[in-house]
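Visitor: Have a look at this prediction, sequence included:
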Amino acid sequence: MRAERKVCQDCEYSNPVQAVKEALPGDTILVAAGSYKCPGLEITKPLVLIGELGATLDGDNQNYVLRLLADSIVISGFSIINSGKSYTKDFAAIYAHGTSGVQILYNHIDNSFFGILVEKSNGGVIRGNTVSGTARQENQAGNGVHLWHCNHMQIENNEVFGMRDGIYLEFVDESDAIKNYTHHNVRYGLHFMFSNHDAYIDNTFESNGAGVAVMFSKWIRMENNRFINNWGTASYGLLLKEIYDGEVLNNLFEQNTLGIYVDGSSRVNYKGNTLRQNGWAIKVSGGCYTNAFTSNNFIGNSFDISYNSKMNDNTFNGNFWSEYTGYDLDRDGNGDVPYRPVKLFSYIVNRTPETIVLLRSLFVDLINFSEKVSPAFTPDDLVDQTPSMKKFQ
(Lines give C-alpha, C1' and ligand atoms only; values in the text may rest on other atoms or scores of the structure.)
Protein backbone atom coordinates (compact mmCIF):
# COMPACT_ATOMS: atom_id res chain seq x y z
CA MET A 1 0.00 0.00 0.00
CA ARG A 2 1.34 3.43 -0.94
CA ALA A 3 2.17 5.69 1.99
CA GLU A 4 2.42 9.44 2.47
CA ARG A 5 5.44 10.66 4.40
CA LYS A 6 5.79 14.19 5.77
CA VAL A 7 9.04 16.13 6.12
CA CYS A 8 9.24 19.05 8.57
CA GLN A 9 11.26 20.12 11.60
CA ASP A 10 8.95 18.34 14.04
CA CYS A 11 8.01 15.38 11.83
CA GLU A 12 9.33 11.84 11.79
CA TYR A 13 11.56 12.94 8.91
CA SER A 14 13.41 16.21 9.32
CA ASN A 15 15.13 16.07 5.93
CA PRO A 16 14.07 14.81 2.47
CA VAL A 17 17.22 12.66 2.31
CA GLN A 18 15.96 10.59 5.22
CA ALA A 19 12.46 10.26 3.81
CA VAL A 20 13.66 9.23 0.35
CA LYS A 21 15.92 6.56 1.83
CA GLU A 22 13.12 4.90 3.82
CA ALA A 23 10.25 5.39 1.35
CA LEU A 24 8.89 2.49 -0.64
CA PRO A 25 8.27 2.62 -4.40
CA GLY A 26 5.11 4.62 -5.14
CA ASP A 27 5.15 6.58 -1.86
CA THR A 28 4.45 10.33 -1.71
CA ILE A 29 6.75 12.63 0.26
CA LEU A 30 5.32 16.00 1.35
CA VAL A 31 7.96 18.56 2.25
CA ALA A 32 6.85 21.44 4.47
CA ALA A 33 8.10 25.02 4.19
CA GLY A 34 11.74 25.47 5.16
CA SER A 35 15.24 25.15 3.75
CA TYR A 36 16.75 21.67 3.49
CA LYS A 37 20.38 20.88 2.61
CA CYS A 38 20.45 17.91 0.25
CA PRO A 39 23.41 18.01 -2.17
CA GLY A 40 23.44 15.05 -4.54
CA LEU A 41 20.18 13.49 -3.36
CA GLU A 42 19.65 10.34 -5.46
CA ILE A 43 16.19 8.96 -6.10
CA THR A 44 16.38 5.38 -7.37
CA LYS A 45 12.73 4.31 -7.06
CA PRO A 46 9.39 5.70 -8.26
CA LEU A 47 8.41 8.42 -5.77
CA VAL A 48 6.31 11.59 -5.71
CA LEU A 49 8.03 14.54 -4.00
CA ILE A 50 5.80 17.55 -3.41
CA GLY A 51 7.07 20.79 -1.94
CA GLU A 52 4.59 22.88 0.02
CA LEU A 53 4.79 26.66 -0.35
CA GLY A 54 8.22 27.80 0.87
CA ALA A 55 9.96 24.40 0.63
CA THR A 56 13.56 24.91 -0.57
CA LEU A 57 16.10 22.25 -1.54
CA ASP A 58 19.64 23.62 -1.21
CA GLY A 59 22.52 21.95 -3.03
CA ASP A 60 25.07 23.87 -0.92
CA ASN A 61 27.08 24.67 -4.10
CA GLN A 62 28.55 21.16 -4.10
CA ASN A 63 26.98 18.81 -6.62
CA TYR A 64 23.74 18.04 -8.36
CA VAL A 65 20.82 18.84 -6.08
CA LEU A 66 18.48 16.03 -7.23
CA ARG A 67 19.51 12.99 -9.28
CA LEU A 68 16.54 11.13 -10.74
CA LEU A 69 17.56 7.57 -11.68
CA ALA A 70 14.24 5.69 -11.82
CA ASP A 71 11.04 5.76 -13.83
CA SER A 72 7.83 7.63 -12.92
CA ILE A 73 9.37 10.09 -10.44
CA VAL A 74 7.45 13.32 -9.82
CA ILE A 75 9.17 16.47 -8.52
CA SER A 76 6.73 19.34 -7.93
CA GLY A 77 6.49 22.68 -6.16
CA PHE A 78 10.02 23.21 -4.85
CA SER A 79 12.45 26.08 -4.84
CA ILE A 80 15.77 24.46 -5.81
CA ILE A 81 18.97 26.46 -5.39
CA ASN A 82 22.76 26.30 -5.35
CA SER A 83 23.89 23.38 -7.45
CA GLY A 84 27.62 23.00 -7.87
CA LYS A 85 29.44 24.76 -10.69
CA SER A 86 32.08 23.05 -12.78
CA TYR A 87 33.85 23.36 -16.13
CA THR A 88 34.20 19.55 -16.43
CA LYS A 89 30.86 18.28 -15.04
CA ASP A 90 27.35 19.35 -15.95
CA PHE A 91 26.02 19.92 -12.44
CA ALA A 92 22.29 20.70 -12.41
CA ALA A 93 19.50 21.48 -9.99
CA ILE A 94 17.55 18.50 -11.37
CA TYR A 95 19.34 15.73 -13.27
CA ALA A 96 17.57 12.72 -14.80
CA HIS A 97 19.26 9.81 -16.55
CA GLY A 98 17.79 6.71 -18.17
CA THR A 99 14.25 7.42 -17.02
CA SER A 100 10.75 6.99 -18.39
CA GLY A 101 7.70 9.02 -17.43
CA VAL A 102 9.47 11.47 -15.11
CA GLN A 103 7.52 14.67 -14.34
CA ILE A 104 9.23 17.90 -13.29
CA LEU A 105 6.48 20.36 -12.46
CA TYR A 106 6.15 23.93 -11.17
CA ASN A 107 9.56 24.29 -9.55
CA HIS A 108 11.61 27.47 -9.20
CA ILE A 109 15.31 26.94 -9.90
CA ASP A 110 17.88 29.61 -9.14
CA ASN A 111 21.65 29.94 -8.88
CA SER A 112 22.38 26.60 -10.51
CA PHE A 113 24.85 25.75 -13.27
CA PHE A 114 22.31 23.81 -15.36
CA GLY A 115 18.66 24.08 -14.44
CA ILE A 116 17.05 20.82 -15.64
CA LEU A 117 19.31 18.28 -17.36
CA VAL A 118 17.74 15.11 -18.80
CA GLU A 119 19.70 12.38 -20.60
CA LYS A 120 18.68 9.17 -22.39
CA SER A 121 15.08 9.41 -21.20
CA ASN A 122 11.64 9.17 -22.75
CA GLY A 123 8.04 10.10 -22.10
CA GLY A 124 8.84 12.85 -19.60
CA VAL A 125 7.05 16.12 -18.83
CA ILE A 126 8.79 19.39 -17.90
CA ARG A 127 6.04 21.89 -17.14
CA GLY A 128 5.56 25.21 -15.38
CA ASN A 129 9.10 25.63 -14.10
CA THR A 130 11.03 28.88 -13.74
CA VAL A 131 14.79 28.66 -14.26
CA SER A 132 16.80 31.82 -13.64
CA GLY A 133 20.44 32.83 -13.52
CA THR A 134 22.70 35.85 -13.74
CA ALA A 135 25.05 34.80 -16.55
CA ARG A 136 26.78 37.52 -18.53
CA GLN A 137 29.09 35.23 -20.54
CA GLU A 138 28.60 31.77 -22.05
CA ASN A 139 31.08 30.10 -19.69
CA GLN A 140 29.33 31.39 -16.58
CA ALA A 141 26.29 29.11 -16.80
CA GLY A 142 24.81 26.04 -18.39
CA ASN A 143 21.42 25.83 -20.06
CA GLY A 144 18.04 26.27 -18.46
CA VAL A 145 16.39 23.11 -19.84
CA HIS A 146 18.84 20.71 -21.48
CA LEU A 147 17.80 17.41 -23.11
CA TRP A 148 20.16 14.90 -24.71
CA HIS A 149 19.23 11.63 -26.45
CA CYS A 150 15.57 11.76 -25.44
CA ASN A 151 12.24 11.13 -27.15
CA HIS A 152 8.53 11.78 -26.62
CA MET A 153 9.24 14.66 -24.21
CA GLN A 154 6.88 17.55 -23.39
CA ILE A 155 8.39 20.93 -22.45
CA GLU A 156 5.53 23.27 -21.59
CA ASN A 157 4.90 26.65 -19.94
CA ASN A 158 8.42 27.13 -18.60
CA GLU A 159 10.20 30.46 -18.17
CA VAL A 160 13.98 30.61 -18.53
CA PHE A 161 16.21 33.67 -18.27
CA GLY A 162 19.78 34.57 -17.38
CA MET A 163 21.21 31.24 -18.58
CA ARG A 164 23.47 30.30 -21.52
CA ASP A 165 20.69 28.79 -23.70
CA GLY A 166 17.11 28.89 -22.54
CA ILE A 167 16.25 25.46 -23.94
CA TYR A 168 18.82 23.13 -25.54
CA LEU A 169 17.87 19.90 -27.32
CA GLU A 170 20.28 17.46 -28.95
CA PHE A 171 19.23 14.11 -30.44
CA VAL A 172 15.68 14.69 -29.19
CA ASP A 173 12.95 13.16 -31.36
CA GLU A 174 9.15 13.30 -31.47
CA SER A 175 8.97 15.92 -28.74
CA ASP A 176 7.12 19.21 -28.27
CA ALA A 177 8.06 22.58 -26.79
CA ILE A 178 4.87 24.56 -26.14
CA LYS A 179 4.15 27.98 -24.57
CA ASN A 180 7.61 28.51 -23.10
CA TYR A 181 9.03 31.99 -22.51
CA THR A 182 12.80 32.28 -22.83
CA HIS A 183 14.33 35.73 -22.57
CA HIS A 184 17.58 37.55 -21.74
CA ASN A 185 19.72 34.45 -22.15
CA VAL A 186 23.33 34.90 -23.19
CA ARG A 187 23.32 32.77 -26.33
CA TYR A 188 20.03 31.30 -27.67
CA GLY A 189 16.44 31.25 -26.50
CA LEU A 190 16.13 27.76 -28.05
CA HIS A 191 18.99 25.74 -29.52
CA PHE A 192 18.53 22.31 -30.99
CA MET A 193 20.55 19.95 -33.18
CA PHE A 194 20.14 16.50 -34.73
CA SER A 195 16.51 16.33 -33.60
CA ASN A 196 13.69 15.10 -35.85
CA HIS A 197 9.88 15.05 -35.90
CA ASP A 198 9.58 17.82 -33.29
CA ALA A 199 7.12 20.71 -32.88
CA TYR A 200 7.68 24.15 -31.31
CA ILE A 201 4.40 25.97 -30.77
CA ASP A 202 3.26 29.19 -29.05
CA ASN A 203 6.67 30.03 -27.55
CA THR A 204 8.15 33.49 -27.06
CA PHE A 205 11.88 34.13 -27.62
CA GLU A 206 12.72 37.67 -26.57
CA SER A 207 15.91 39.71 -26.06
CA ASN A 208 18.32 36.77 -26.21
CA GLY A 209 21.80 36.83 -27.72
CA ALA A 210 19.98 35.21 -30.65
CA GLY A 211 16.49 33.81 -30.84
CA VAL A 212 16.45 30.20 -32.06
CA ALA A 213 19.07 28.06 -33.80
CA VAL A 214 17.74 24.95 -35.56
CA MET A 215 20.50 22.77 -36.99
CA PHE A 216 20.86 19.46 -38.83
CA SER A 217 17.29 18.31 -38.29
CA LYS A 218 14.30 17.05 -40.32
CA TRP A 219 10.52 17.27 -40.13
CA ILE A 220 10.37 20.25 -37.77
CA ARG A 221 7.20 22.32 -37.26
CA MET A 222 7.49 25.82 -35.78
CA GLU A 223 4.12 27.48 -35.40
CA ASN A 224 2.66 30.57 -33.65
CA ASN A 225 5.94 31.53 -32.01
CA ARG A 226 7.12 35.08 -31.31
CA PHE A 227 10.71 36.12 -32.06
CA ILE A 228 11.14 39.58 -30.60
CA ASN A 229 13.97 42.05 -30.07
CA ASN A 230 16.93 39.76 -30.66
CA TRP A 231 19.52 42.38 -31.57
CA GLY A 232 23.29 42.18 -32.09
CA THR A 233 25.97 42.07 -34.76
CA ALA A 234 25.43 38.32 -35.26
CA SER A 235 21.87 38.01 -33.98
CA TYR A 236 18.73 36.68 -35.60
CA GLY A 237 15.24 35.58 -34.72
CA LEU A 238 15.51 32.15 -36.34
CA LEU A 239 18.49 30.34 -37.87
CA LEU A 240 17.81 27.29 -40.04
CA LYS A 241 21.03 25.38 -40.77
CA GLU A 242 20.75 22.16 -42.80
CA ILE A 243 17.00 21.77 -42.14
CA TYR A 244 14.84 19.63 -44.43
CA ASP A 245 11.08 19.10 -44.83
CA GLY A 246 10.00 21.64 -42.22
CA GLU A 247 7.08 23.98 -41.60
CA VAL A 248 7.44 27.59 -40.38
CA LEU A 249 3.87 28.76 -39.90
CA ASN A 250 2.13 31.85 -38.47
CA ASN A 251 5.09 33.15 -36.49
CA LEU A 252 5.90 36.76 -35.61
CA PHE A 253 9.42 38.11 -36.24
CA GLU A 254 9.66 41.64 -34.90
CA GLN A 255 12.62 43.95 -34.31
CA ASN A 256 15.40 41.42 -34.84
CA THR A 257 18.68 42.20 -36.55
CA LEU A 258 17.84 39.35 -38.91
CA GLY A 259 14.39 37.77 -38.89
CA ILE A 260 15.10 34.39 -40.53
CA TYR A 261 18.55 33.23 -41.64
CA VAL A 262 18.28 30.24 -43.99
CA ASP A 263 21.52 28.34 -44.66
CA GLY A 264 21.62 25.10 -46.64
CA SER A 265 17.98 24.24 -45.91
CA SER A 266 15.51 22.77 -48.39
CA ARG A 267 11.85 21.82 -48.73
CA VAL A 268 10.69 24.14 -45.97
CA ASN A 269 7.31 25.89 -46.19
CA TYR A 270 7.06 29.42 -44.79
CA LYS A 271 3.43 30.46 -44.58
CA GLY A 272 1.42 33.03 -42.63
CA ASN A 273 4.41 34.61 -40.91
CA THR A 274 4.71 38.32 -40.15
CA LEU A 275 8.16 39.88 -40.44
CA ARG A 276 8.02 43.42 -39.08
CA GLN A 277 10.69 46.07 -38.53
CA ASN A 278 13.68 43.77 -38.75
CA GLY A 279 17.02 44.73 -40.24
CA TRP A 280 16.83 41.86 -42.71
CA ALA A 281 13.55 39.99 -42.85
CA ILE A 282 15.01 36.90 -44.57
CA LYS A 283 18.58 36.15 -45.59
CA VAL A 284 19.16 33.11 -47.81
CA SER A 285 22.65 31.64 -47.95
CA GLY A 286 24.19 28.45 -49.29
CA GLY A 287 22.33 25.73 -51.17
CA CYS A 288 18.65 26.28 -50.37
CA TYR A 289 16.22 24.54 -52.71
CA THR A 290 12.48 24.06 -53.15
CA ASN A 291 11.48 26.34 -50.30
CA ALA A 292 8.09 28.06 -50.59
CA PHE A 293 7.28 31.48 -49.11
CA THR A 294 3.52 32.08 -49.27
CA SER A 295 1.02 34.43 -47.59
CA ASN A 296 3.64 36.12 -45.40
CA ASN A 297 3.64 39.78 -44.33
CA PHE A 298 6.82 41.81 -44.94
CA ILE A 299 6.31 45.12 -43.15
CA GLY A 300 8.81 47.92 -42.61
CA ASN A 301 12.02 45.88 -42.82
CA SER A 302 15.24 47.54 -43.97
CA PHE A 303 15.71 44.61 -46.37
CA ASP A 304 12.95 42.12 -47.11
CA ILE A 305 15.05 39.47 -48.86
CA SER A 306 18.82 39.08 -49.06
CA TYR A 307 20.27 36.53 -51.47
CA ASN A 308 23.88 35.52 -52.08
CA SER A 309 23.42 33.82 -55.44
CA LYS A 310 21.93 34.50 -58.86
CA MET A 311 20.45 30.99 -58.87
CA ASN A 312 17.02 30.53 -57.33
CA ASP A 313 14.95 27.39 -56.85
CA ASN A 314 12.63 28.88 -54.24
CA THR A 315 9.22 30.49 -54.71
CA PHE A 316 7.97 33.78 -53.27
CA ASN A 317 4.35 34.08 -54.35
CA GLY A 318 1.27 35.66 -52.80
CA ASN A 319 3.03 37.60 -50.04
CA PHE A 320 2.26 41.09 -48.77
CA TRP A 321 5.14 43.57 -49.19
CA SER A 322 4.76 46.97 -47.54
CA GLU A 323 7.11 48.49 -50.14
CA TYR A 324 5.10 47.25 -53.10
CA THR A 325 3.78 50.17 -55.16
CA GLY A 326 1.90 48.30 -57.88
CA TYR A 327 -1.82 48.36 -58.67
CA ASP A 328 -4.75 45.93 -58.91
CA LEU A 329 -6.95 46.90 -61.83
CA ASP A 330 -8.91 43.64 -61.93
CA ARG A 331 -9.49 43.84 -58.16
CA ASP A 332 -8.67 40.20 -57.46
CA GLY A 333 -6.62 41.16 -54.40
CA ASN A 334 -3.27 40.56 -56.10
CA GLY A 335 -1.04 43.16 -57.72
CA ASP A 336 -0.99 43.21 -61.49
CA VAL A 337 2.72 44.06 -61.54
CA PRO A 338 5.16 41.41 -60.20
CA TYR A 339 7.37 42.45 -57.27
CA ARG A 340 11.12 41.91 -56.99
CA PRO A 341 11.96 41.82 -53.27
CA VAL A 342 15.76 41.61 -53.58
CA LYS A 343 17.36 45.03 -53.72
CA LEU A 344 20.71 45.61 -55.34
CA PHE A 345 21.87 47.39 -52.21
CA SER A 346 21.35 44.26 -50.11
CA TYR A 347 23.67 42.48 -52.56
CA ILE A 348 26.25 45.23 -52.04
CA VAL A 349 25.95 45.14 -48.24
CA ASN A 350 26.51 41.37 -48.26
CA ARG A 351 29.82 41.94 -49.99
CA THR A 352 30.82 45.16 -48.20
CA PRO A 353 29.01 45.51 -44.84
CA GLU A 354 30.39 49.01 -44.22
CA THR A 355 28.18 50.38 -46.98
CA ILE A 356 25.15 50.00 -44.67
CA VAL A 357 25.75 53.62 -43.61
CA LEU A 358 24.39 54.65 -47.05
CA LEU A 359 21.07 52.89 -46.50
CA ARG A 360 18.85 56.00 -46.55
CA SER A 361 20.74 57.91 -49.24
CA LEU A 362 19.43 59.01 -52.63
CA PHE A 363 22.26 57.07 -54.28
CA VAL A 364 20.91 53.82 -52.87
CA ASP A 365 17.39 54.60 -54.10
CA LEU A 366 18.78 55.14 -57.60
CA ILE A 367 20.73 51.88 -57.82
CA ASN A 368 17.83 49.90 -56.39
CA PHE A 369 15.51 51.38 -59.01
CA SER A 370 17.93 50.64 -61.84
CA GLU A 371 18.28 47.00 -60.72
CA LYS A 372 14.51 46.62 -60.50
CA VAL A 373 14.10 47.87 -64.08
CA SER A 374 16.91 45.72 -65.51
CA PRO A 375 18.15 42.99 -63.12
CA ALA A 376 21.85 42.26 -63.53
CA PHE A 377 23.05 41.12 -60.10
CA THR A 378 19.95 39.77 -58.36
CA PRO A 379 18.22 36.47 -59.32
CA ASP A 380 16.12 36.94 -62.45
CA ASP A 381 13.45 34.52 -61.29
CA LEU A 382 13.22 35.65 -57.67
CA VAL A 383 9.97 37.49 -58.06
CA ASP A 384 6.53 37.47 -56.48
CA GLN A 385 4.16 37.11 -59.41
CA THR A 386 1.02 37.66 -57.31
CA PRO A 387 1.86 40.10 -54.49
CA SER A 388 -1.05 40.61 -52.11
CA MET A 389 -2.51 44.11 -51.96
CA LYS A 390 -3.58 43.67 -48.33
CA LYS A 391 -1.67 42.28 -45.40
CA PHE A 392 -2.78 38.99 -43.95
CA GLN A 393 -4.38 38.92 -40.54
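Guide: Perfect, thanks for sending it. If you're wondering where the values come from, they're calculated on a predicted model, not measured in any experiment. Numbering: from 1, shown residues only.

Visitor: I'd say L53 and G34 touch.
Guide: No. Look at L53 against G34 with CB atoms under 8 Å: they stay out of range, at 10.9 Å. No exception for glycine: its C-beta is placed from N, CA and C like everyone else's.

Visitor: quick check, A292 in a strand?
Guide: Yes. Counting by DSSP: H, G, I helix; E, B strand; the rest coil, A292 is found in a strand.

Visitor: count of neighbours near it?
Guide: By other CB atoms under 10 Å, the residues close to A292 number 14.

Visitor: Could you list which residues are in contact with it?
Guide: Applying CB atoms under 8 Å, 6 or more residues apart in numbering, we find A292 in contact with V268, N269, Y270, K271, N314, T315, N317.

Visitor: bridging residues for it?
Guide: On the basis of DSSP bridges, A292 is bridged to N269, T315.

Visitor: For it, give its distance to I299.
Guide: Distance of A292 to I299, computed by CB to CB, to the nearest Å: 20 Å.

Visitor: Then G287?
Guide: 29 Å.

Visitor: For the lengthiest strand in the chain, which strands pair with it and how are they oriented?
Guide: When the chain is parsed with DSSP state E, its longest strand is strand 210-218. Here strand 210-218 has these sheet partners by DSSP bridges: strand 188-193 (parallel), strand 238-244 (parallel).

Visitor: TSV please, covering those strands and showing mean neighbour count.
Guide: Below are the strands paired with strand 210-218 laid out as TSV (neighbours: other CB atoms under 10 Å):
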stretch	mean neighbour count
strand 188-193	26
strand 238-244	22
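
Visitor: now those strands as CSV including distance to I228?
Guide: As requested, the strands paired with strand 210-218 are exported to CSV (distance: least, CB to CB, whole Å):
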stretch, distance to I228
strand 188-193, 10
strand 238-244, 12
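
Visitor: Now that we have these, can you turn them into CSV and tack on mean pLDDT and distance to E223?
Guide: Below are the strands paired with strand 210-218 laid out as CSV (pLDDT from 0 to 100; distance: least, CB to CB, whole Å):
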stretch, mean pLDDT, distance to E223
strand 188-193, 95, 14
strand 238-244, 96, 12
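
Visitor: so which of those comes closest to S100?
Guide: Of all those, the one in closest proximity to S100, counting by CB to CB, is strand 188-193 (21.4 Å).

Visitor: which sections of this protein are below the confidence cut-off?
Guide: Judged by pLDDT under 70, the chain has its weakly predicted residues at 1, 234, 309-311, 344-379.

Visitor: Pick out the residue nearest the middle of it.
Guide: By CA atoms, centre = their mean, the chain has its centre lying nearest to L190, at 2.6 Å.

Visitor: my guess is that one meets V160, correct?
Guide: No. Taking contacts as CB under 8 Å, L190 lies outside contact range of V160: 9.5 Å.

Visitor: what's the overlap in contacts for those two?
Guide: In contact with both L190 and V160: G166, I167, N180, T182, using CB under 8 Å, 6+ apart.

Visitor: how close does the residue lying closest to K45 once chain neighbours are set aside sit to H97?
Guide: Distances taken as CB to CB, 6 or more residues apart in numbering place P25 nearest to K45, at 4.4 Å, with adjacent residues excluded. Going from P25 to H97 by CB to CB gives 18 Å.

Visitor: Also L169?
Guide: Counting by CB to CB - L169 and H97 are separated by 16 Å.

Visitor: In terms of packing, which of those two has more residues around it?
Guide: Each of L169 and H97 had its neighbours counted (other CB under 10 Å), and the higher figure belongs to L169 (28 against 13).

Visitor: closest to L57 out of the strands paired with strand 210-218?
Guide: strand 188-193 (26.9 Å).

Visitor: I'd say the residue nearest to K45 and T44 touch.
Guide: No. At 9.6 Å, P25 and T44 do not qualify as touching, with contact defined as CB under 8 Å.

Visitor: what's A3 in contact with, if anything?
Guide: Contacts of A3 by CB under 8 Å, 6+ apart are A23, L24, D27, T28.

Visitor: Among the residues you listed, name the buried ones.
Guide: Listed as buried from these are A23, D27; burial here means 16 or more other CB atoms under 10 Å.

Visitor: what's the farthest-apart pair in the contacts of A3?
Guide: L24 and T28 (10.7 Å).

Visitor: where do the contact lists of these two overlap?
Guide: Both L24 and T28 are in contact with R2, A3, where contact means CB under 8 Å, 6+ apart.

Visitor: Any idea how far apart the tips of stretch 67-86 sit?
Guide: End-to-end distance for stretch 67-86: 16 Å, by CA to CA, to the nearest Å.

Visitor: now stretch 112-129
Guide: Start-to-end, stretch 112-129 (CA to CA) is 14 Å.

Visitor: Please apply the same query to stretch 383-392.
Guide: Span of stretch 383-392 from end to end, CA to CA: 19 Å.

Visitor: what does it contact?
Guide: 272, 274, 295-297, 299, 316-322, 324, 326, 328, 333-335, 338-341.

Visitor: Go again with 6 Å.
Guide: 295, 297, 316-321, 324, 328, 333-335, 338-340 (CB atoms under 6 Å, 6 or more residues apart in numbering).

Visitor: Not counting its neighbours along the chain, what's nearest G237?
Guide: Per CB to CB, 6+ apart, closest to G237 is F227, 3.2 Å.

Visitor: Show me what the one you found is bridged to.
Guide: Counting by DSSP bridges, the residues bridging with F227 are F205, F253.

Visitor: show me the contacts for it.
Guide: F205, G211, G237, L238, F253.

Visitor: 7 Å - rerun?
Guide: By CB atoms under 7 Å, 6 or more residues apart in numbering, F227 lies in contact with F205, G211, V212, G237, L238, N251, L252, F253, N256.

Visitor: rewinding a little: of the contacts of stretch 383-392, which pair is most distant in space?
Guide: Longest span within the contacts of stretch 383-392, CB to CB: G333 and R340, 19.9 Å.
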